[in-house]
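J.: Would you be able to build a 3D model of this:
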Amino acid sequence: MNQPWPIKERDPSPTEWRRDFRVFWFAQGSSMMGDQLKEFAIPLIAVSVLHVTATELGMLSAAQWVPFLVLALPLGVIIDRYRRRRLLVLSETGRGLLIVGLVVAAALNALAFPLLLVAVVVLGALTVIYEVGYQSAIPSLVPRDALGSANAKIQATVAAGEIGGLGLGGLILQLLGTTATLIVNAAAYLVSAAALLMMRAEEPAPVTTRRHFLVELRQGVRHVTRDPYLRANVGFSALYNPFAQWVVILLMIYAVHGLGLEAGQIGIVFSIGAAGALAGAAVASRLATRLRTGTILVLCAAVECGALLLIPVVDAAWPPALMIAALAVIMAANGAGTAISNVFLITIRQLRTPDHLLGRVNATMRTITYGTIPLGALAGGFVGDALGPRLGIAVGAILCLLTVLWVCLSPLRGIRHLDDLAV
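T.: Numbering: from 1, shown residues only. So this is what the prediction gives:
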């Protein structure tokens with residue numbers, strides 16, 4: 001049987017792969033900074049500048065995730081057919097240039113909700129390429145026994161990007177306005193693209209044999225559906241993601257209109273929350289040596305979802321400093337649980353999947369786990385308009401507890417150690 005990817009004549013030396021991984025790691029950090037600026041700035045611009053309703057904010061949030069539902073599966077096949085690094089560069093360059101287009105629109109006072117909605121859809125399509133591609137590229141950069149450590153570093157970088165991106169986004173937006181925020185956002189993506197071009201090792205090209213697109217697509221779907229650990233993995237994220245998005249979009253509205261917080265203060269809340277994610281990613285590897293993997297995943301689900309239940313407790317009658325501190329602690333606990341569970345879930349996915357299927361498997365899982373997010377965003381917007389953002393957050397947080405039940409009843413709970421899952 002032909003190998004979809006050629007076997008290397010020799011493995012790279014530790015110096016070679018570590019150098020390239022460090023460059024890749026830096027690129028990922030810059031990309032995450034761009035993502036967090038975008039995730040924070042665009043909704044806040046929509047709320048504070050364009051004065052959108054909860055339903056419109058739900059539509060905006062859903063728009064960025066719809067491409068995962070529509071495009072992830074076919075793009076997964078493409079990612080397995082072409083050099084992944086080139087596709088990552090294309091994605092980063094495209095996102096940077098598109099944000100530059102929004103800068104021009106903002107400078108000309110032409111930034112309106114319909115234009116922002118279209119831009120978010122295109123950004124989402126380019127993000128699909130990057131999200132599926134970068135996770136598929138990691139196993140080709142580092143040895144198999146270093147995957148857990150590499151994923152922990154990447155998750156720590158995600159958290160660090162959140163700290164810098166969210167805090168910086170709030171500060172720039174409050175002090176300098178929309179245009180400056182978007183310029184920094186575009187620069188982050190373009191720096192990431194430049195870093196990826198600096199990697200030295202040449203990525204092997206796929207074998208150019210005749211292949212059937214639909215057959216390849218089904219192979220990725222089949223691998224996920226037949227593996228009990230991958231099915232459980234999908235369920236964890238597919239339940240948590242939409243309800244977490246539901247809560248976050250209503251939190252933006254509740255923070256601005258219900259609690260009277262400013263952009264900089266909201267940025268502080270999310271930045272401190274991201275510090276919790278950084279701490280979680282930093283301890284993930286050590287936790288793996290001290291606790292059963294299944295126990296860790298159950299605890300993470302409980303902390304992630306339980307923290308969200310506390311958001312409606314924060315009241316506008318409290319002093320601003322207390323409101324900010326309370327929300328920051330809540331988001332830090334949520335971030336820590338999310339970061340730790342992400343490290344384990346991504347590593348499980350990579351350990352259970354051969355390299356030549358990784359693009360399609362990641363795409364299949366992204367289609368489901370990110371494809372449910374638009375539903376949560378839209379539902380959250382409708383419920384927020386019907387019940388108010390505070391009560392809407394409570395409803396979304398309660399529904400999020402279904403994630404804990406799923407993990408407790410799934411094969412994930414029975415995992416003793418990640419090494420037991422290698423295929």
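
J.: where does residue 318 land in three-state SS?
T.: The local conformation at residue 318, judged by DSSP: H, G, I helix; E, B strand; the rest coil, is coil.

J.: just checking, residue 381 touches residue 47?
T.: No. Residue 381 is beyond contact range of residue 47, at 12.0 Å (criterion: Cβ atoms under 8 Å). (C-beta placed from N, C-alpha, C; glycine too.)

J.: Identify the contacts common to these two.
T.: residue 57 (Cβ atoms under 8 Å, 6 or more residues apart in numbering).

J.: Give me the more crowded residue out of these two.
T.: Neighbours per residue (other Cβ atoms under 10 Å) separate residue 381 from residue 47, with residue 381 holding more: 27 against 23.

J.: Check which helix or strand that one maps to.
T.: Under the criterion of DSSP states H and E, residue 381 resides in helix 373-387.

J.: Give the buried residues for whichever helix or strand comes after that helix.
T.: Sequence order places helix 389-400 as the next helix or strand after helix 373-387, per DSSP H and E. Across helix 389-400, burial judged by 16 or more other Cβ atoms under 10 Å covers 389-390, 392-397, 399-400.

J.: by contact count, what packs against helix 389-400?
T.: helix 228-253, helix 293-308, helix 373-387 (3 or more Cβ pairs under 8 Å, 6 or more residues apart in numbering; DSSP states H and E).

J.: So which residues make contact with the last one?
T.: Identification of contacts with helix 373-387 by Cβ under 8 Å, 6+ apart yields 53-59, 61-63, 65-66, 68-69, 241-247, 249-250, 253, 392, 395-396.

J.: I only care about these that end up buried; give me the PyMOL line for that.
T.: Selection of buried members from these for PyMOL, criterion 16+ other Cβ under 10 Å:
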select buried, resi 54+55+56+57+58+59+61+62+63+65+66+68+69+241+242+243+244+245+246+247+249+250+253+392+395+396
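
J.: pretty sure residue 50 contacts residue 115?
T.: No. Counting by Cβ under 8 Å, residue 50 sits too far from residue 115 to count as a contact (10.1 Å).

J.: Of all residues in this protein, which one is nearest the centre?
T.: Nearest to the geometric centre of the chain sits residue 131, at 7.8 Å (Cα atoms, centre = their mean).

J.: who touches it in this structure?
T.: Residue 131 touches 68, 362, 366, 370, counting by Cβ under 8 Å, 6+ apart.

J.: Just those: which are in helices?
T.: Mapping these onto helices (DSSP state H) picks out 68, 362, 366.

J.: Reformat the buried residues of helix 389-400 as CSV; add distance to residue 26.
T.: What follows is the buried residues of helix 389-400, written out as CSV (distance: Cβ to Cβ, whole Å):
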residue, distance to residue 26
389, 38
390, 41
392, 39
393, 36
394, 40
395, 41
396, 35
397, 36
399, 38
400, 34
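
J.: will you turn those into a markdown table that also has pLDDT and distance to residue 312?
T.: Output for these, formatted as a markdown table (pLDDT from 0 to 100; distance: Cβ to Cβ, whole Å):
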| residue | pLDDT | distance to residue 312 |
| --- | --- | --- |
| 389 | 92 | 9 |
| 390 | 94 | 5 |
| 392 | 95 | 9 |
| 393 | 96 | 5 |
| 394 | 96 | 5 |
| 395 | 96 | 10 |
| 396 | 95 | 10 |
| 397 | 95 | 8 |
| 399 | 96 | 14 |
| 400 | 95 | 13 |
